[in-house]
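Engineer: Predicted structure and sequence below. I'll ask about it afterward.
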Amino acid sequence: MDIFLAAVLGFLLGSIPFGLILTRAAGLGDIRDIGSGSIGATNVLRTGNKGLAAATVLLDAAKGAVPVLVAAHVWPGTEGLAAVAAVIGHCFTPWLKFKGGKGFATAAGVLLALAWPVMLACAAIWAVTLAVSRISSVSSMTTVVLAPLVAWGLGAPQIIAPLIAIAAIVLVQHRANIGRLMRGEEPKVGSGKK
């Protein structure tokens, strides 16, 4: 029952489409009609509203962190499951016909709650990769792939399995980006391309 409740909590909180809610509330229409069609912060940024994009990052991270923290307190040992469920909820939200975002901000939130030192190291990896590549998807995918290794290196083996599952989900959600990267068509940060 604990496992079931942790998974349901993670999925339901993760499924809240903050990017869509914020852009609609701001009168910017349906975020799914522009750019990549994603409800995540990168696509929200394509509206030109940096404040809404920042708010989307924070809320998407929070909806990942909260179920992990609740699970750790109420159902100890189910944190990893709550983490994976939150990312699944974000990527496949039932309120949007099981479509959603790409999962990176929510993954960052769950990692912060699971092991903040690992999160700090991954944040550094993300920043360096973004500075070098100037491609958001490359930095996101590189970070989630390396996160399990970082967890192992920093002595947090208990979160390696959830991080591998989350990396797989995030990579699947970035399949269109991978295709564009292979064709040399993936836009760089600040290029203004969609």
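Structural biologist: Here it is on my side, so go on.
Engineer: contact partners of the least confident helix or strand in the chain by mean pLDDT?
Structural biologist: Least confident element among the helices and strands of the chain, by mean pLDDT, DSSP states H and E: helix 41-45 (a mean of 82). If you take CB atoms under 8 Å, 6 or more residues apart in numbering as the criterion, helix 41-45 is touched by 19, 22-23, 31, 34-37, 52-54, 56-57, 60, 101-102, 105, 136. All C-beta spots, glycine's among them, are computed from the backbone N, C-alpha and C.
Engineer: Equivalent analysis for stretch 125-134, please.
Structural biologist: Against stretch 125-134 from outside (CB under 8 Å, 6+ apart): 136, 138-140, 142-143, 146, 150, 188-190.
Engineer: Apply 6 Å and report the result again.
Structural biologist: With CB atoms under 6 Å, 6 or more residues apart in numbering as the contact definition, stretch 125-134 has outside contacts at 139, 142-143, 146, 188-189.
Engineer: Kindly report the same for stretch 26-37.
Structural biologist: 19-20, 23, 39, 43-44, 46-47, 52, 194.
Engineer: Tell me how many other residues crowd the nearest residue to residue 140 once chain neighbours are set aside.
Structural biologist: Distances taken as CB to CB, 6 or more residues apart in numbering put residue 104 closest to residue 140, at 4.3 Å, once the chain neighbours are dropped. Burial of residue 104 is recorded as 28 neighbouring residues (other CB atoms under 10 Å).
Engineer: Save the contacts of stretch 125-134 as a markdown table, and put in secondary structure, pLDDT and neighbour count too.
Structural biologist: Putting those into a markdown table (DSSP: H, G, I helix; E, B strand; the rest coil; pLDDT from 0 to 100; neighbours: other CB atoms under 10 Å) gives the following:
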| residue | secondary structure | pLDDT | neighbour count |
| --- | --- | --- | --- |
| 139 | helix | 94 | 21 |
| 142 | helix | 97 | 19 |
| 143 | helix | 97 | 26 |
| 146 | helix | 97 | 18 |
| 188 | coil | 82 | 13 |
| 189 | coil | 74 | 14 |
